[in-house]
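A.B. asks: What follows is a predicted protein model with its sequence.
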Amino acid sequence: MEIILIQDVPNLGHKDDIVTVRNGYATNYLIPKGFAKMATPSAKKMHAENLRQRAHKEANIRAEAAAQAAKLEGAQVTIATKVSSTGKIFGSVNNIQVAEALAAKGFEIDRRNISILGEESVKEIGIYDAVVKIYKEIKANIKIEITADN
């Protein structure tokens with residue numbers, strides 16, 4: 001069954017994508033929850049017209065996202081936390097703390113768009129890599145330095 005996504009659905013597609021899914025998934029989950037609508041011929045025509053009208057807006061958003069990614073690329077944030085004598089962190093450092101550190105530097109990034117590479121959580125002092133998703137496929141790589149809090 002072909003559907004038009006009304007909003008982003010993880011592991012399926014982005015808003016305004018026309019995707020093919022199984023009938024049950026569409027009729028029992030996506031359409032009732034308001035994530036999608038059926039792709040009838042008239043809906044496809046309306047969808048094509050809406051996409052044509054929004055094409056230039058999309059270009060502006062992509063340009064802004066690329067500029068923000070260029071500023072953010074290679075940035076390094078430092079997070080000070082309590083550490084034991086062996087260098088282990090009490091608790092862990094997660095993407096919420098990284099988002100707060102980025103906000104202190106002037107970058108407003110949603111915590112859900114930050115993923116620390118390699119490990120689920122950071123539990124030792126050191127420098128870690130992270131990826132920040134700015135917009136759809138536009139991403140920036142940053143460094144996270146974990147230091148001891150004095």
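C.D. replies: Good, I have the coordinates.
A.B. asks: For residue 128, list each beta-bridge partner.
C.D. replies: Bridge pairing for residue 128 (DSSP bridges) gives the partners residue 144.
A.B. asks: Surely it touches residue 98?
C.D. replies: No: with contact defined as Cβ atoms under 8 Å, residue 128 does not reach residue 98; the gap is 9.3 Å. No exception for glycine: its C-beta is placed from N, CA and C like everyone else's.
A.B. asks: hey, what's in contact with both of these two?
C.D. replies: The contact sets of residue 128 and residue 98 overlap at 116, 144 (Cβ atoms under 8 Å, 6 or more residues apart in numbering).
A.B. asks: So which of these two has more stuff around it?
C.D. replies: Taking other Cβ atoms under 10 Å, residue 128 and residue 98 do not tie; residue 98 has more neighbours (23 against 18).
A.B. asks: ok, the more buried one - contacts?
C.D. replies: Residues in contact with residue 98 (Cβ under 8 Å, 6+ apart) are 77, 79, 111, 114, 116, 130, 144.
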